[in-house]
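K.L.:
starting from these lines, generate the structure:
(one chain, ligands or ions: 1)
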Amino acid sequence: MAEDTPTTDDDGGRPGAFDHLFTPAVRDGLGEAGYGSWRAIDAPDAVSLSFGFPFPESFPNDELAAAAEAVFEAEGGAAMQYGGGEYADRLAEAIAERERDRGIDCDAGNVLLTNGATHAIDVVAHAFLDRGDHVFVEAPTFMGTLKLFANYGVEVAGFETDDEGLDVGAVAAELESRTAEGRPLPKLLYTIPTFQNPTGTTLSRDRRERLLDLAEEYDFVVVEDDAYGDLRYGGDDVAPLKALDETGRVVRVGTFSKTVAPGVRTGWILGDDEPLDTVGRIRAGGTNTFTQSVLGYYCTEGGFEGNVAELRAAYEKRRDHILACLDDHMPEAAEWTDPDGGFFVWVELPEGIDAEELLPRAADEGVTYLPGEMFFPDDRGENGLRLSFSYVSLDEMERGIEALARATRSALRERRPR
Ligand SMILES: Cc1ncc(COP(=O)(O)O)c(C=O)c1O
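P.N.:
I've put the predicted structure just below:
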């Protein structure tokens, strides 16, 4: 074995037999935890505030069963064929109509259906990114996208967020200094501007406009991941980046994972004709046209909008409840965000408490969460953690926050004076 042949711990330390055949970017990642590793926190009796899953009763099982039946009746085998039938086409039209309602100038031709938002981001990354390219993200950001970028061997720089979202001023300063020093500029900036995962914050209108000006000035593409945009429980609507985009630099990503169910594995990329035509050419293989047909029926004739309204009401209650529990139980030195929508609250623990180190103690007390570090492209975030209010019941949520508060207080008592 050559000395520089990489090894992996995934199989007990034995080097993988095919390591030399994998791409350099994949080999580099073999020592790291793989995609989905954040799901493997082993505390079955603890309340899970880790999972960004929709609560199971939210799934419209009966409506989807009825939609499938209606599709078979109307289309027979066409829905099962490569390319799908009429209802699959209607889905792209329904998505475009909803996007137009948000102020985006588009039609069905601007919608490229995918097998979920992650697939959409992967297709965009595949179209634009080479090993060594540079990408900007919010820090913290969605860990699934960080893992995905790692597959491409790109250099990811993370920019802080505050209660108005991404610090666009810091992005501008970095672009300026890279230009002055002749350092590489990003090809893509990936952002979740609305109800961000993991912080729940929303990028202000002014910052959105400034970001688009920067994209034009420094020639990069903005990937707008709007996975949670339908789930607003407070505050005023802010125009999507794509609605403010006059130059076609925004590629927008959406999904039915949060408004229907993750299992339907259906999302989309919305873009101007170019770059979308080129991105569409490299999207290899088909997408799930049968599910698209079912969703095409569900979205146009099967009750989707009413269901989303019910989801908003249900999640609003959950958001209110977790914030009230945090207020009631957490020590004063902790801080947390106040999201207008989405699934998440970001907590900053009292100074000197590491969220990763606290996790086993929190699990013993009866709660799990995701430690902040996994949302950063670098080694920041040890003080933060993500709580999801989407999955567990209100009672479990209260028990979970009480357990988190107990664990935090006991860590505070042990904290060495500085
Ligand atoms: C911001 C963000 N983007 C994308 C996804 C994944 O979406 P999908 O299930 O459609 O791949 C998630 C969900 O966890 C998310 O939080």
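K.L.:
which residue is the nearest non-sequential neighbour of the residue nearest the centre of the chain?
P.N.:
Centroid-nearest residue in the chain: Phe142, 4.6 Å away (criterion: CA atoms, centre = their mean). Excluding the flanking residues, the one nearest Phe142 by CB to CB, 6 or more residues apart in numbering is Asn197, at 4.5 Å. Using the backbone N, CA and C atoms, a C-beta is placed for each residue, glycine as well.
K.L.:
which ones are touching the residue in the stretch 301-418 of the chain positioned nearest to the ligand?
P.N.:
Relative to the ligand, the nearest point of the stretch 301-418 of the chain is Phe343 (7.4 Å; CB to the nearest ligand atom). Phe343 is in contact with Gly52, Phe195, Asn197, Gly200, Tyr228, Leu231, Lys258, Tyr315, Ser388, Phe389, Ser390, counting by CB atoms under 8 Å, 6 or more residues apart in numbering.
K.L.:
gap between the closest residue to Gly229 other than its chain neighbours and Gly248?
P.N.:
The shortest distance from Gly229 to any residue other than its chain neighbours is 4.9 Å, reached at Thr194 (CB to CB, 6+ apart). Here the distance between Thr194 and Gly248 works out to 20 Å (CB to CB, to the nearest Å).
K.L.:
separation between Met80 and Tyr87?
P.N.:
Taken as CB to CB, the span from Met80 to Tyr87 is 12 Å.
K.L.:
so which of those two has more stuff around it?
P.N.:
Tyr87 (27 against 14; other CB atoms under 10 Å).
K.L.:
next to the ligand, which bits of the stretch 151-300 of the chain? Give me the list.
P.N.:
Ile192, Asn197, Asp225, Ala227, Thr255, Ser257, Pro262, Gly267 (CB under 6 Å from any ligand atom).
K.L.:
next, count neighbours for the last one.
P.N.:
Neighbouring residues of Gly267 were enumerated by other CB under 10 Å; the total is 24.
K.L.:
check contacts around it.
P.N.:
Gly267 neighbours (CB under 8 Å, 6+ apart): 113-120, 253-257.
K.L.:
is the ligand contacted by stretch 364-374?
P.N.:
No. Between stretch 364-374 and the ligand, judged by CB under 6 Å from any ligand atom, nothing touches; the nearest distance is 11.2 Å.
K.L.:
so where's the chain shaky on pLDDT?
P.N.:
Within the chain, the stretches with pLDDT under 70 are 1-14, 37-41, 416-418.
K.L.:
circling back: and the residue nearest to the centre of the chain, backbone torsions?
P.N.:
phi -60, psi 120 (degrees, to the nearest 10).
K.L.:
might one say that it is in contact with Phe195?
P.N.:
No. Phe142 is beyond contact range of Phe195, at 11.7 Å (criterion: CB atoms under 8 Å).
K.L.:
quickly find the element holding the closest residue to Met80 other than its chain neighbours.
P.N.:
Excluding the flanking residues, the one nearest Met80 by CB to CB, 6+ apart is Phe290, at 5.9 Å. Using DSSP states H and E, Phe290 sits in helix 289-301.
K.L.:
check which helices and strands that helix sits against.
P.N.:
Secondary structure elements in contact with helix 289-301, counted by 3 or more CB pairs under 8 Å, 6 or more residues apart in numbering; DSSP states H and E, are helix 61-75, helix 86-101.
K.L.:
what helices or strands is the helix or strand following the longest one leaning on?
P.N.:
In other words, helix 86-101. For helix 86-101, the following helix or strand on the C-terminal side (DSSP H and E) is strand 111-114. Applying 3+ CB pairs under 8 Å, 6+ apart, one finds that strand 111-114 makes contact with helix 86-101, helix 117-128, strand 267-270, helix 273-282.
K.L.:
hmm, strand 111-114 touching the ligand?
P.N.:
No. Counting by CB under 6 Å from any ligand atom, the ligand is not contacted by strand 111-114; separation bottoms out at 8.2 Å.
K.L.:
can you give the domain ranges for this structure?
P.N.:
33-58+307-414, 61-304 (automatic domain parsing).
K.L.:
need the ones you listed in a markdown table (columns: distance to His20).
P.N.:
What follows is those, written out as a markdown table (distance: least, CB to CB, whole Å):
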| stretch | distance to His20 |
| --- | --- |
| domain 33-58+307-414 | 19 |
| domain 61-304 | 16 |
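K.L.:
so how far is Val345 from Asp320?
P.N.:
11 Å.
K.L.:
more neighbours: which of these two?
P.N.:
Set Asp320 next to Val345 and count neighbours by other CB under 10 Å: Val345 wins out with 24 against 14.
K.L.:
what helix or strand is the more buried one on?
P.N.:
Val345 is part of strand 344-348 when elements are defined by DSSP H and E.
K.L.:
give the next helix or strand downstream of that strand.
P.N.:
Taking DSSP H and E, what comes next after strand 344-348 is helix 355-365.
K.L.:
which ones are touching the residue nearest to Phe142?
P.N.:
Taking CB under 8 Å, 6+ apart, one finds Gly52, Thr141, Phe142, Ala227, Tyr228, Gly342, Phe343, Phe344, Arg386 in contact with Asn197.
K.L.:
which SSE is immediately downstream of the helix holding Phe290?
P.N.:
Note on helix 289-301: by DSSP H and E, the next helix or strand toward the C-terminus is helix 304-329.
K.L.:
packing partners of that next one?
P.N.:
With contacts defined as 3+ CB pairs under 8 Å, 6+ apart, the packing partners of helix 304-329 are strand 344-348, helix 394-414.
K.L.:
for the longest one, packing partners?
P.N.:
Counting contacts by 3+ CB pairs under 8 Å, 6+ apart, helix 394-414 is packed against strand 47-48, helix 304-329, helix 355-365, strand 367-368, strand 384-388.
K.L.:
direction included, what does the last one pair against?
P.N.:
Within its sheet, and counting by DSSP bridges, strand 384-388 is paired with strand 344-348 (antiparallel), strand 370-371 (antiparallel).
K.L.:
relative to helix 394-414, how tilted is the longest one?
P.N.:
Think strand 344-348. Compare the direction of strand 344-348 with that of helix 394-414 by axes from the mean of the first three to the mean of the last three CA atoms, to 10 degrees and you get 10 degrees.
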